[in-house]
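[1] no sequence on this one, just coordinates:
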């Protein structure tokens with residue numbers, strides 16, 4: 001027997017590979033391609049809808065980004081952008097139109113007059129809205145509605161003015177004093193609740209009629225009485241919820257500014273005036289307060305140089321001066 005017949009027979013089985021052509025790698029590549037095409041078409045759309053000046057600004061930004069960011073230009077955000085920003089472009093005057101080829105590195109200048117006018121308009125609108133809300137509050141409150149004739153609201157050049165006036169048979173205070181009637185307290189506290197809705201500060205002024213005290217003007221007079229009544233009104237506004245820091249000035253004007261000049265003794269001249277000031281009036285009062293403080297400081301220094309030991313002390317007026325003097329005041 002030959003050697004070939006004794007050799008073992010080896011059978012090789014070849015396993016064919018999996019379906020490689022059906023793998024998932026091509027899906028990732030296709031997704032990348034679609035994403036790139038979307039970005040390309042989006043870029044083409046933006047370039048086609050952007051003005052020439054803006055394109056120049058974008059090009060300059062990528063060339064010198066720090067320069068554009070510091071100096072401004074159509075590439076650093078402008079009101080003529082495709083996606084408009086909010087508000088009015090205050091860098092241009094009224095009626096001025098931006099040229100397409102305007103240099104992008106030109107520094108912007110803010111129109112301060114336009115900005116101030118816009119702030120003034122917004123402030124006036126807020127005060128008008130506050131006036132309307134107060135009128136609605138008066139109409140909706142049965143207690144306040146019966147005193148509607150004594151409440152006068154109007155817009156002046158200084159702001160919103162609220163006046164609470166006397167009637168013949170319905171005074172706000174006790175006769176000859178600064179003690180408020182219960183219904184006056186209600187009126188002032190309801191007003192105090194609403195005043196916090198605006199940031200504007202207020203001034204309070206007290207007014208009397210021309211009827212003098214029987215003791216004359218040398219003692220406790222209409223000047224002290226009007227100031228005391230104004231301060232009593234301030235306390236009631238604060239009790240109603242108004243912030244004490246909103247008050248900028250409290251003054252007593254006696255009968256110097258009558259509501260009815262033709263009838264100086266008319267009850268309507270006895271009133272409390274609350275002025276919700278606009279910014280211009282508030283700045284004027286603030287400057288006046290600073291001037292008064294500076295003048296008082298100068299007076300103190302001059303007194304020290306003269307050798308004055310102390311400033312004169314002004315005694316506080318008694319709560320019921322007429323009663324303590326044994327006389328009855330000839331006024332309300």
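    That came through, no problem. Everything numeric in this text was worked out from a predicted model, so none of it was measured.
[2] for this structure, just list every one of the helices.
    25-49, 52-63, 65-71, 112-140, 142-145, 182-195, 222-239, 279-306, 321-325 (DSSP state H).
[3] single out the most deeply packed of those.
    Among the helices of the chain, helix 222-239 has the highest mean neighbour count (mean count of other Cβ atoms under 10 Å), at a mean of 20. No exception for glycine: its C-beta is placed from N, CA and C like everyone else's.
[4] who touches it?
    164, 172-173, 176-180, 184-185, 188-189, 191-192, 195, 204-208, 212-213, 217, 244, 247, 250-255, 272, 274, 317, 331 (Cβ atoms under 8 Å, 6 or more residues apart in numbering).
[5] cutoff 7 Å now
    Helix 222-239 is contacted from outside by 173, 178, 180, 185, 188-189, 191-192, 195, 204-208, 212, 244, 247, 250-255, 272, 317, using Cβ atoms under 7 Å, 6 or more residues apart in numbering.
[6] kindly write the PyMOL command that selects the buried subset of the residues you listed.
    Selection of buried members from the contacts of helix 222-239 for PyMOL, criterion 16 or more other Cβ atoms under 10 Å:
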select buried, resi 173+178+180+185+188+189+191+192+195+204+205+206+207+208+212+247+250+252+253+254+255+272
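[7] in strands, which of the contacts of helix 222-239 appear?
    204, 205, 206, 207, 247, 250, 251, 252, 272 (DSSP state E).
[8] show me the two of those residues that sit farthest apart.
    Maximum pairwise distance among the ones in strands among the contacts of helix 222-239 (Cβ to Cβ): 17.3 Å, between 207 and 247.
[9] so where is the stretch 151-300 of the chain shaky, pLDDT-wise?
    Applying pLDDT under 70 to the stretch 151-300 of the chain flags the ranges 215-217.
[10] apply 80 and report the result again.
    Residue ranges of the stretch 151-300 of the chain with pLDDT under 80: 168-169, 213-218, 292, 294-300.
[11] do the same with the stretch 1-150 of the chain
    Where the stretch 1-150 of the chain drops to pLDDT under 80, the residues are 1-24, 47, 49-112, 143.
[12] distance of the closest residue to residue 244 other than its chain neighbours relative to residue 276?
    Once flanking residues are discounted, residue 244 sits nearest to residue 238: 5.1 Å by Cβ to Cβ, 6 or more residues apart in numbering. Relative to residue 276, residue 238 is positioned 15 Å away (Cβ to Cβ, to the nearest Å).
[13] check residue 133 too.
    For residue 133, the distance to residue 276 equals 12 Å [Cβ to Cβ].
[14] number of nearby residues for residue 242?
    Neighbourhood size, residue 242 [other Cβ atoms under 10 Å]: 22.
[15] dump the residue contacts of the closest residue to it other than its chain neighbours.
    In space, and not counting its chain neighbours, residue 242 is closest to residue 192: 3.8 Å by Cβ to Cβ, 6+ apart. Counting by Cβ under 7 Å, 6+ apart, residue 192 makes contact with 237, 238, 240, 241, 242.
[16] and with 6 Å instead?
    237, 240, 241, 242 (Cβ atoms under 6 Å, 6 or more residues apart in numbering).
[17] so of the residues you listed, which two are at opposite extremes in space?
    Greatest spacing in those, by Cβ to Cβ: 237 and 241 (8.4 Å).
[18] dump the contacts of residue 192 to TSV, plus distance to residue 152.
    Below are the contacts of residue 192 laid out as TSV (distance: Cβ to Cβ, whole Å):
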residue	distance to residue 152
237	17
240	19
241	22
242	19
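[19] right, and out of these, which lies closest to residue 125?
    residue 242 (21.6 Å).
[20] is it true that the closest one touches residue 195?
    Yes - look at residue 242 against residue 195 with Cβ atoms under 6 Å: they come within range, at 4.7 Å.
[21] contacts only, for residue 260.
    For residue 260, the contacting residues are 266, 268, 269, by Cβ under 6 Å, 6+ apart.
[22] got those as JSON lines, with neighbour count columns?
    Below are these laid out as JSON lines (neighbours: other Cβ atoms under 10 Å):
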{"residue": "266", "neighbour count": "17"}
{"residue": "268", "neighbour count": "18"}
{"residue": "269", "neighbour count": "21"}
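[23] closest to residue 137 among those?
    For these, the minimum distance to residue 137 (Cβ to Cβ) is 22.7 Å, reached by residue 268.
[24] residue 49 versus the closest one, what's the distance?
    Between residue 268 and residue 49 the computed distance is 67 Å (Cβ to Cβ).
[25] just give me the neighbour total for residue 248.
    By other Cβ under 10 Å, 18 other residues sit near residue 248.
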